[in-house]
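Chemist: turn this into a structure:
(one chain, ligands or ions: 1)
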Amino acid sequence: MRRKLVVANRKMHGSIAENAHFITGLLAGTADAGDADYAVCLPHPYHFQAQTLLSDSPIGWGGQTMSRYAYGAHTGSVSASMLLELGCQYVIIGHSERRKAGYESDAASGERFQAATEAGLIPIFCMGETLEEFESGMTVDVIIRQLNAVLKQVGVHGLAKGIIAYEPIWAIGTGKAATPEHAQCILSFLRGHVELLNEEVADKIRILYGGSVNAKNAKQLFSMPDIDGGLVGGASLNTDEFIEICRIANSLSCSTISVEQI
Ligand code: PGA
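Modeler: As a prediction, the model looks like this:
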């Protein structure tokens, strides 16, 4: 059974004081919720703070992007080894806000994914369609193109070292999450696509949903069989709400375990 995973994408928010409030709150709020996994993706300057506060905890942390290069004259970039040195376990790759700004193409996302896994980081690979693409029925074409760029670079066994996040762009930051049925349909399609290449990888790989996940819709979304958790932006800025989302993931993991045990 796949463990649920809830990841906070804090984007370009926070300060040392706010992060401390968020992280210490999260530690306390999930201390008795050990059946799911949690992680926090902070802006780069704050990884040291995550390392200080989270090192002895089960909560992971990670970057929001990284360079595809190992080192060199790339002003403003950070490498996988730098994230690792600050204890990061995860890195978000291919987020639509970075794709839109022209920083991450399909091919570059594939290269980043490869650089991350080769260094030992777990990439959270984001994909998703615009509203226009959604309305013209192109969702599947877009996400398969995005996924295939990574598969071309690393193959299905390389993909298995990461996590997939389906984040329809029309749902990000809009308060209009995809319906659980739509998200399930797309995630099941993605899993099916991976299954054509390797059944075991398809069964094991965690696929998250992202886009206006909040404490009200998390239960319905995370109850779907192919939704293994969420990548949470806006709602991660409210510590109590994010803890609630983590606890929902935990309770769904518990209930699945108890059904299996019966
Ligand atoms: P949102 O952001 O939860 O605010 O929609 C999700 C994301 O961009 O990862």
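
Chemist: which outside residues touch stretch 15-27?
Modeler: Outside stretch 15-27, the residues that touch it by CB atoms under 8 Å, 6 or more residues apart in numbering are 8, 10, 14, 38, 40, 42, 46, 49-50, 53-54, 57, 59, 236, 239-240, 242-243, 246. Every C-beta, even on glycine, is put in place using the N, C-alpha and C of the backbone.

Chemist: just the buried subset of these, please.
Modeler: Buried members of these, counted by 16 or more other CB atoms under 10 Å: 8, 10, 14, 38, 40, 42, 46, 49-50, 53-54, 59, 236, 239, 242-243, 246.

Chemist: so which of those are in helices?
Modeler: If you go by DSSP state H, these have Q49, A50, L53, L54, T239, F242, I243, C246 in helices.

Chemist: closest to I163 among the residues you listed?
Modeler: Using CB to CB, C246 comes nearest to I163 of those, at 16.3 Å.

Chemist: quick one: neighbours of the closest residue to the ligand within the chain, just the number.
Modeler: Nearest residue of the chain to the ligand: G233, at 2.3 Å (CB to the nearest ligand atom). Residues within reach of G233, counting by other CB atoms under 10 Å, total 23.

Chemist: what sits closest to it if chain neighbours are left out?
Modeler: Closest residue to G233 apart from its sequence neighbours, by CB to CB, 6 or more residues apart in numbering: N9 at 4.8 Å.

Chemist: please, where are all the helices along the protein?
Modeler: Using DSSP H, helices in the chain cover 16-29, 47-54, 80-85, 96-100, 106-119, 131-135, 139-159, 180-197, 199-204, 218-222, 239-261.

Chemist: could I get those as a markdown table with mean pLDDT?
Modeler: Putting these into a markdown table (pLDDT from 0 to 100) gives the following:
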| stretch | mean pLDDT |
| --- | --- |
| helix 16-29 | 98 |
| helix 47-54 | 98 |
| helix 80-85 | 98 |
| helix 96-100 | 94 |
| helix 106-119 | 97 |
| helix 131-135 | 97 |
| helix 139-159 | 97 |
| helix 180-197 | 98 |
| helix 199-204 | 98 |
| helix 218-222 | 98 |
| helix 239-261 | 79 |
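
Chemist: out of these, nearest to M1?
Modeler: M1 lies closest to helix 239-261 among the helices of the chain, at 6.2 Å (CB to CB).

Chemist: do I have it right that F113 meets I124?
Modeler: No. Assessed by CB atoms under 8 Å, F113 is found out of contact with I124, at 9.8 Å.

Chemist: any chance you could list residues touching both of those two?
Modeler: With CB under 8 Å, 6+ apart, F113 and I124 have common neighbours I93, G162.
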